[in-house]
Structures are given as structure tokens and as C-alpha cells.
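> Build me a model from this:
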Amino acid sequence: VQLQASGGGLVQAGGSLRLSCAASGRSFSWYRMGWFRQAPGKEREFVAVATGGGENTYYADFVKGRFTISRDRAKDTVYLQMNSLKPEDTAVYYCAATRVPSIVPSVYEYWGRGTLVTVSS
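Residues are numbered from 1 along each chain as shown. Okay, here's the model as predicted:
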């Protein structure tokens, strides 16, 4: 059972990136899929989550209006479109899956390995 995040990289402030998280080994189509991030020396923090069908989403305040989470159930993939990136968005981004509505990392049952996003000023 794997969640594989990809799409990270180096981008200038104001730029955009699209992260993807593909599931393998089992279907996560009915799981809530979330994105978290962890900057050096900081705790892992919630970014966004989407329900199984993707019809309901919830965002951390610091990404509202800039990031969009979406999912393709047919591909069992969740995306995070990140626009207007800021240097403070620099972090390793992780995707995760849970059956329980939550923004708390410990509640999430499955985790991807993370992808590094670096935003230069």
C-alpha cells in the first residue's frame, strides 16, 4: 500500500506548482485525502483535505485562495495546485489518507514519502 507524492521542485516566489499523490496497492477513493507540510525545524502542519468524492474541501488559513486540492477518483490520485507561492511555503509536502474527518496528522492512517517544494525569493 503506497501513496506516492510527486511534483515538487524549485520555483520563484509568485510561481506555481502542482503536486500529485497517486495511490497503489489499494483504493483510497473513499478516504479523505489530505496534504500536510513540514518545514525544517518545524512540526508537520495541515494544508488541505478533500473528502472521498472531492466535493468538500477544507484549507488551512495560510493557503486559502492560493492552493486548491482536487482528486481524480478514477485515477485514485489527489492533486494540490499551488499558486502565488511564497518563500514561507518552502517545505516537504506529504499526502495522507484517513477515514476520519480531521486535520490532525496522527489521525491519518497512510502517508506518502513527501516531495520537496522550495520557493526562492
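> Please count neighbours and contacts with C-alpha atoms only from this point.
OK.
> Relative to residue 49, how far out is the closest residue to residue 108 other than its chain neighbours?
Distance criterion Cα to Cα, 6 or more residues apart in numbering; nearest residue to residue 108, sequence neighbours excluded, is residue 98 at 4.6 Å. Separation of residue 98 from residue 49 (Cα to Cα, to the nearest Å): 10 Å.
> re the thing from before, close enough to count as contact, the residue nearest to residue 108 and residue 106?
No - look at residue 98 against residue 106 with Cα atoms under 8 Å: they stay out of range, at 9.8 Å.
> Could you check which of the two has the larger neighbour count?
Using other Cα atoms under 10 Å as the criterion, residue 98 and residue 106 rank with residue 98 on top: 23 against 8.
> Tell me, how many residues neighbour residue 13?
17.
> Flag the shaky bits of this structure, pLDDT-wise.
Applying pLDDT under 70 to the chain flags residues 1.
> Can you show me the strands along it?
In the chain, the strands defined using DSSP state E lie at 2-6, 9-12, 17-24, 32-38, 45-50, 57-59, 67-72, 77-82, 91-98, 110-111, 115-120.
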